[in-house]
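A.B. asks: quick check, what structure comes out for this input:
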Amino acid sequence: MKYKYIFWIYLGLLSTFFAEVVSGSFPYPLFDYWGYYSVIPLYTLHILVLGTVVFRGKPNIFSLFAAGAIFGLYEAYITKVLWDPNWGPYIIVGGVAPIQTLALVFFWHPFMAFIIPLLFAEIITSSREIMGGMPQWFINRFSDESSARLMLLIFAILCGAYKAMNSTPSLGFASALINGFIIFFLGIWLREHVHEESMRDLMPNTREFKILSGALILYYIYFTATLRVDSLPGIMPQIIIWILYGLFGYILWKTYNLDFTHTVPRVSISPAYFVILIVLFSIGSAILMPFGLLTMLFTWTLGIGSGILITIAALIIIFKGK
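C.D. replies: Below you'll find the model as predicted:
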């Protein structure tokens, strides 16, 4: 367990990588002071605190998604993007940007910043609780080595095309390759020390959870008061965000202990294949720009649609259970 804190760093870097590097929003988090000052702590604290909440119960797609959506709501008070977007169409309804809210709260952060990093981090541990909480059809796609390889290959290509849309070829290639291999080698080294540990045991205990939660609250207070302060809106747009916090908090509360666990086959993917995936992701980041917009439209439609369906399904399960 002495490597637990390094595992936390690894988990935070995975979250940062999939959320910021793949999107092209912040290509070099490990080589920029803002990465250490803001970005990496932001993702690390969120995934540790919310991940611990999920592990207090029985991880399932509903609790994982709800926690990830709460994660994504940092784009209100910290970055203010949900009220005053600095990218994409500037459309405001009721003081809130609907396109950015759908993209970030119902898709990007739940999946790319939370669920996918947890799934990848779980690979180097002895447990499969996160994968076991996924829908059966998803688990089936990873039930044998060949289908798992295919799914990971498709994912790497999509990530490359998405990153290419927001990067120059040279920047996209270098960012993907450097960040990808740093996290890969950290994971390979860490696996030697934690492969017999369950992910549940590697997550923060009660005392650590309280400390990390306090740090996250202080983070919110500081950056709410110092970052893009002029973009803070009046009370009505904030109420909409509070309603979203209430909705996803309610879903998390009601579903975190529901048992949707499925049997997960033990499938081993060689480290060499992950090297190939990183190289393909890097090459894709350099050459797939013509497919970037199509990739974005496809992933946004699939991701936002999935997020809305998961939210509706969770509410139906909750109210049927009553």
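A.B. asks: pLDDT below threshold where in the stretch 201-322 of the chain?
C.D. replies: For the stretch 201-322 of the chain, applying pLDDT under 70 flags the ranges 321-322.
A.B. asks: how close does residue 63 get to residue 134?
C.D. replies: Residue 63 sits at a distance of 12 Å from residue 134 (criterion: Cβ to Cβ, to the nearest Å). Just so you know, the C-beta spots here come from the backbone N, C-alpha and C atoms, and that holds for glycine as well.
A.B. asks: more neighbours, the two?
C.D. replies: Summary of the neighbour comparison: residue 63 and residue 134, criterion other Cβ atoms under 10 Å, with residue 63 having more neighbours (27 against 23).
A.B. asks: which ones are touching the closest residue to the more buried one other than its chain neighbours?
C.D. replies: Once its chain neighbours are removed from consideration, residue 63 has its nearest residue in residue 256; the separation is 4.1 Å (Cβ to Cβ, 6 or more residues apart in numbering). For residue 256, the contacting residues are 53-54, 56-58, 60, 63, by Cβ atoms under 8 Å, 6 or more residues apart in numbering.
A.B. asks: can we see that at 10 Å?
C.D. replies: Residue 256 makes contacts with 53-60, 62-64, 66-67, as judged by Cβ atoms under 10 Å, 6 or more residues apart in numbering.
A.B. asks: quick check: PyMOL command selecting the buried ones in those residues.
C.D. replies: For anyone working in PyMOL, the buried entries among the contacts of residue 256, judged by 16 or more other Cβ atoms under 10 Å, can be selected with:
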select buried, resi 53+54+55+57+58+59+60+62+63+64+66+67
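A.B. asks: mind putting the contacts of residue 256 into a markdown table with distance to residue 172, pLDDT and secondary structure?
C.D. replies: Putting these into a markdown table (distance: Cβ to Cβ, whole Å; pLDDT from 0 to 100; DSSP: H, G, I helix; E, B strand; the rest coil) gives the following:
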| residue | distance to residue 172 | pLDDT | secondary structure |
| --- | --- | --- | --- |
| 53 | 35 | 97 | helix |
| 54 | 32 | 97 | helix |
| 55 | 35 | 96 | helix |
| 56 | 39 | 94 | coil |
| 57 | 39 | 94 | coil |
| 58 | 39 | 93 | coil |
| 59 | 33 | 95 | coil |
| 60 | 35 | 95 | coil |
| 62 | 35 | 97 | helix |
| 63 | 34 | 97 | helix |
| 64 | 29 | 98 | helix |
| 66 | 33 | 98 | helix |
| 67 | 30 | 98 | helix |
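A.B. asks: can you tell me which of the contacts of residue 256 is closest to residue 164?
C.D. replies: Taking Cβ to Cβ as the measure, residue 64 is the one of the contacts of residue 256 closest to residue 164, at 28.4 Å.
A.B. asks: can you give me the helices for the stretch 51-200 of the chain?
C.D. replies: Counting by DSSP state H, counting those that start in this stretch, the stretch 51-200 of the chain has these helices, from start to end: 61-72, 74-77, 98-103, 116-122, 129-132, 136-140, 145-165, 169-194, 199-202.
A.B. asks: if you could redo that for the stretch 201-322 of the chain, that was the one I meant.
C.D. replies: If DSSP H, counting those that start in this stretch is used as the criterion, the helices of the stretch 201-322 of the chain fall at 206-226, 235-255, 271-287, 292-321.
A.B. asks: among the ones you listed, show me which one is buried the most.
C.D. replies: Per-residue neighbour counts averaged over each of the helices of the stretch 201-322 of the chain give the maximum for helix 271-287, namely a mean of 19 (mean count of other Cβ atoms under 10 Å).
A.B. asks: excluding its backbone neighbours, what's nearest residue 143?
C.D. replies: The spatial neighbour of residue 143 that comes closest, neighbours along the chain excluded (Cβ to Cβ, 6+ apart), is residue 265 at 5.0 Å.
A.B. asks: ok, the one you found - contacts?
C.D. replies: Neighbour list for residue 265: 128, 131, 139-140, 142-145, 148 [criterion: Cβ under 10 Å, 6+ apart].
A.B. asks: buried subset of those?
C.D. replies: Buried members of those, counted by 16+ other Cβ under 10 Å: 128, 131, 139, 142, 148.
A.B. asks: would you turn those into a markdown table with distance to residue 163?
C.D. replies: Formatted as a markdown table, the buried ones among the contacts of residue 265 follow (distance: Cβ to Cβ, whole Å):
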| residue | distance to residue 163 |
| --- | --- |
| 128 | 28 |
| 131 | 25 |
| 139 | 27 |
| 142 | 23 |
| 148 | 22 |
